[in-house]
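Participant: structure, please.
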Amino acid sequence: MDLLGDISSSDKVLLVWSDLGNDADKLQSSVNTMKDKVGSDGNVSVENFERVKMGNHAQSSFNKIYSGCIGLPVSTHSSDILAYFLKVLAPSGKLVIVEPCEESNLPSVRSRLIQAGFTDCQEPVQVIVETDGKITSPVYSWQATKPKFEVGASRLLSFAKKPVEAAPAATNGQANKWTLDDLDDDTVELIDEDTLLDEADLVKPDPQSLRVCGTTGKRKACKDCSCGLREELDAGKQPTQKSVTSSCGSCYLGDAFRCASCPYLGMPAFKPGEKIQLSDRQLNADK
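Facilitator: This next block holds a predicted model:
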């Protein structure tokens, strides 16, 4: 399988090798072949895998990078080396890597490529590598592409707020200011307060419609209504006040003997039939 076959004229290529084994001449012959393909307008750079980051290549220097495609594929591409390849690749640049990998670990290599920022990661392809007449396996190649934008590039989204234009300066050189004196200007429109209310808003409500339950504080009568609201809400019936009757007969003894729903809850103890009166002290807040 020829992994270097898609090199074309004017390409700027980075070739990364690790171990040439017993075929050291293959590197030089491959570089010469690549230089013939890229022509005078292209460029071919060669780096060792262990020293490639020391090359300090400029950002977006290459449009194609081949790593592990020449010699013995013995290197594993870490996230750091993949991030460096992404940096020196130009937008839409192509990366081809070859490394030994068990079939069960193939998804992890793809994950490393995606996490580094590469897109269009193709399915791995098994590569046949011979060493001293023996086939070395398993070895796979991956191809990925750098996005069509540079690393760190930004763009204003369409839904972002547009910058507010500065107000034009006054002709006299002073900044425009809003003051209360502007209210005398004929161009200032004020709301007529008489138009805020209509005739329906000025009608006073019927006091009988404001009656609420003495226990719940709502217009709807409670289950054990004793204040006459239930009769008032019934059709055409006049409300009548009912005397409160106790179901347990102990309401007059005080809160300790009263139920949770007792209407006398919170009031002082009294004698049966006695009118309840609160002292002046109970009507004043504690100091």
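Participant: residue ranges of the helices in the stretch 1-150 of the chain, please?
Facilitator: All helices of the stretch 1-150 of the chain, identified by DSSP state H, counting those that start in this stretch, fall at 25-38, 79-88, 106-116.
Participant: looking at these, which is buried most?
Facilitator: helix 79-88 (a mean of 18; mean count of other CB atoms under 10 Å). Heads up, the C-betas are built off the backbone N, CA and C, glycines and all.
Participant: gap between the two ends of stretch 44-63?
Facilitator: Start-to-end span of stretch 44-63 (CA to CA, to the nearest Å) is 11 Å.
Participant: buried residues in it, which are they?
Facilitator: Residues of stretch 44-63 classed as buried by neighbour count (16 or more other CB atoms under 10 Å): 44-47, 49, 52-53, 55, 57, 60-63.
Participant: now distance to G266 too, for the helices of the stretch 1-150 of the chain, in TSV please.
Facilitator: Shown next, in TSV, are these (distance: least, CB to CB, whole Å):
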stretch	distance to G266
helix 25-38	96
helix 79-88	72
helix 106-116	68
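Participant: least confident of these, on average?
Facilitator: Sorting these by mean pLDDT places helix 25-38 lowest, at a mean of 89.
Participant: who does that one touch, helix- and strand-wise?
Facilitator: Packed against helix 25-38 by the contact rule (3 or more CB pairs under 8 Å, 6 or more residues apart in numbering; DSSP states H and E) you find strand 12-17, strand 43-48.
Participant: partner strands of the first one, with direction?
Facilitator: Based on DSSP bridges, the strands next to strand 12-17 in the sheet, each with its direction, are strand 43-48 (parallel), strand 62-67 (parallel).
Participant: can you point out the buried residues in it?
Facilitator: For strand 12-17, a neighbour-count test (16+ other CB under 10 Å) marks 12-17 as buried.
Participant: between these, which is nearest L89?
Facilitator: Nearest to L89 among those, counting by CB to CB, is L14 at 8.5 Å.
Participant: check contacts around that closest one.
Facilitator: Applying CB atoms under 8 Å, 6 or more residues apart in numbering, we find L14 in contact with 45, 47, 52, 57, 61-62, 64-66, 88.
Participant: if you set the cut-off to 7 Å instead, what comes out?
Facilitator: 45, 47, 62, 65, 88 (CB atoms under 7 Å, 6 or more residues apart in numbering).
Participant: any idea of the angle the lengthiest strand in the chain forms with helix 106-116?
Facilitator: Criterion DSSP state E: the longest strand present in the chain is strand 89-100. Per axes from the mean of the first three to the mean of the last three CA atoms, to 10 degrees, the angle that strand 89-100 makes with helix 106-116 is 160 degrees.
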